[in-house]
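A.B. asks: sequence and computational prediction follow.
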Amino acid sequence: MTHPPKRRCVLVCQYRSCLRNHSAEVLAAFQASVPAGVFASGSECMGQCASGATVRVMPDNLWYCRVEPKDVAAIVEQHLCADQPIESLLHPRFHPPAESL
Ligand code: FES
């Protein structure tokens with residue numbers, strides 16, 4: 001039997017640069033598909049404008065960059081439901097790849 005999804009909040013930037021990179025569609029996709037106990041909300045600029053759409057998952061404090069609507073299903077299934085963040089989409093500024101440490 002699997003554990004119920006952890007309670008989380010998914011923040012999706014809804015400011016200028018991210019909106020140009022389809023963050024409204026990214027937010028809508030999260031709101032339509034997050035599991036029970038997970039809340040998806042728009043946010044103001046999170047200071048990562050050059051790499052939007054910016055998504056931050058709390059309380060994990062994990063940042064995703066350049067998220068596109070097509071990425072949402074994988075984030076929901078792997079991160080939010082199975083606790084396996086998608087390393088290829090994590091923001092390298094906050095989560096440097098292991099080999100560059
Ligand atoms: S506009 Fe989205 S992080 Fe700044």
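C.D. replies: Happy to help now that I have it. Numbering: from 1, shown residues only.
A.B. asks: surely Cys9 touches Ser41?
C.D. replies: Yes. Assessed by C-beta atoms under 8 Å, Cys9 is found in contact with Ser41 at 6.5 Å. For glycine as for every other residue, the C-beta is placed from the backbone atoms N, C-alpha and C.
A.B. asks: residues of the protein that sit close to the ligand?
C.D. replies: Counting by C-beta under 6 Å from any ligand atom, the residues of the chain close to the ligand are 13, 15-18, 45-49, 52, 54.
A.B. asks: give me that answer again for 8 Å
C.D. replies: Residues of the chain found near the ligand (C-beta under 8 Å from any ligand atom) are 13-19, 23, 45-49, 51-54.
A.B. asks: now the residues you listed: which count as buried?
C.D. replies: For the residues of the chain next to the ligand, a neighbour count by 16 or more other C-beta atoms under 10 Å gives the buried set as 13-15, 17-19, 23, 46, 48, 51-54.
A.B. asks: show me which of these is closest to Phe94.
C.D. replies: Gln48 (8.8 Å; C-beta to C-beta).
A.B. asks: what strand or helix carries Ala40?
C.D. replies: strand 38-43 (DSSP states H and E).
A.B. asks: give me the buried positions along whichever helix or strand comes after that strand.
C.D. replies: Counting by DSSP H and E, the next helix or strand C-terminal to strand 38-43 is strand 55-58. Residues of strand 55-58 classed as buried: 55-57 (neighbour count, 16+ other C-beta under 10 Å).
A.B. asks: how about stretch 74-82?
C.D. replies: By 16+ other C-beta under 10 Å, the buried positions in stretch 74-82 come out as 75-76, 79-81.
A.B. asks: any chance of these in a markdown table, with pLDDT, secondary structure and distance to Asn61 too?
C.D. replies: As requested, those are exported to a markdown table (pLDDT from 0 to 100; DSSP: H, G, I helix; E, B strand; the rest coil; distance: C-beta to C-beta, whole Å):
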| residue | pLDDT | secondary structure | distance to Asn61 |
| --- | --- | --- | --- |
| Ile75 | 98 | helix | 15 |
| Val76 | 98 | helix | 18 |
| His79 | 97 | helix | 13 |
| Leu80 | 96 | helix | 15 |
| Cys81 | 95 | coil | 19 |
